[in-house]
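structure for this input, please:
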Amino acid sequence: MKLKSIVVNIVLAGALFYNLPAFSVPVKWATNNHYYEYIYTATEWANARSIAQGLTYNGTCGYLATITSEAEDIWIRSNFGVGDYYIGGYQPAGSHEPNGGYCWVTGEAFSFDRVSADNYAGQDVLYYYHDGYWDDDSMYGGTPRYFLVEYGTYIDDNIHGNAPVYYTSNVPEPATLSLICLSVLGLWRRLKK
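Sure thing, here's the model as predicted:
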């Protein structure tokens, strides 16, 4: 009986820690004095954007990383590699497909582009693809991926800047699901006594 109790407690503790977001240590790029942090929590782009907007570091706001120059792109690739993580580029609703109207979540000009021509598939958000180029995905219902957060100043023009994005889903988030499981386990333990 004692072993069973230990196992249940280990499972409960594991469920609590399983859903905590995994963060890396922010790294500073001296050229723009911004910090960048790789978030090891796989989620859809819209949710990644909301999470990033809720983060701060050294008194600056977080947002999905914006890559506005070749120098910044080279620095990001050398520090975070390439391979399936979301960045802050997206197409506002009504943009010309397959690649028209892209902008950054900060309102910065979309003047630097690393999307290979064959990677534009008419979807509306960008991620760093494993071949070193950017690719597009769906804002809602896209593939869950890790994401890169940038901490710095931004332009909030209330049109496409760092204004809030409200994420809704019919599927419970992992933390909610864990709370449900923990409640059921607690009830089961109480009924067993």
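
what's the burial count for Asn33?
For Asn33, the number of neighbouring residues by other C-beta atoms under 10 Å comes to 12. (Glycine included, C-beta is placed from N, CA and C.)

and it, what is it in contact with?
For Asn33, the contacting residues are Gly152, taking C-beta atoms under 8 Å, 6 or more residues apart in numbering as the criterion.

that one and Val149, how far apart?
With the distance defined as C-beta to C-beta, to the nearest Å, Asn33 ends up 16 Å from Val149.

could you do Glu44 as well?
The separation that Glu44 has from Val149, given C-beta to C-beta, amounts to 15 Å.

quick one: which of those two has more around it?
Just comparing Glu44 and Val149: by other C-beta under 10 Å the higher neighbour count belongs to Val149, 27 against 22.

can you give me the distance of that one to Pro92?
Using C-beta to C-beta, which is the criterion applied here, Val149 is 21 Å from Pro92.

now Ala46
Using C-beta to C-beta, Ala46 is found at 13 Å from Pro92.

ok, those two, which is more surrounded?
Neighbours per residue, other C-beta under 10 Å: of Ala46 and Pro92, the larger number sits with Ala46, 21 against 11.

wait, doesn't the more buried one sit right on Asp137?
No - with contact taken as C-beta atoms under 8 Å, Ala46 and Asp137 are classed as non-touching, separated by 10.8 Å.

quick check: Gln53 vs Val149, distance?
Computed as C-beta to C-beta, the Gln53 to Val149 distance reads 9 Å.

which neighbours do those two share?
In terms of C-beta under 8 Å, 6+ apart, Gln53 and Val149 are both contacted by the residues Gly62, Tyr63.

where along this structure do the helices fall?
For the chain, the helices identified by DSSP state H occupy 2-18, 45-53, 70-80, 174-192, in order along the chain.

least reliable of these by average pLDDT, please.
The stretch with the lowest mean pLDDT among the helices of the chain is helix 2-18, which comes in at a mean of 53.

residue ranges with poor pLDDT in this protein?
Residue ranges of the chain with pLDDT under 70: 1-24, 98-99, 116-122, 154-188, 190, 193.

where is the longest strand in it?
Counting residues, the longest strand in the chain under DSSP state E turns out to be strand 34-43.

same for that strand, what does it pack against?
Using 3 or more C-beta pairs under 8 Å, 6 or more residues apart in numbering; DSSP states H and E as the contact criterion, the secondary-structure elements in contact with strand 34-43 are strand 27-29, helix 45-53, strand 60-64, helix 70-80, strand 145-152.
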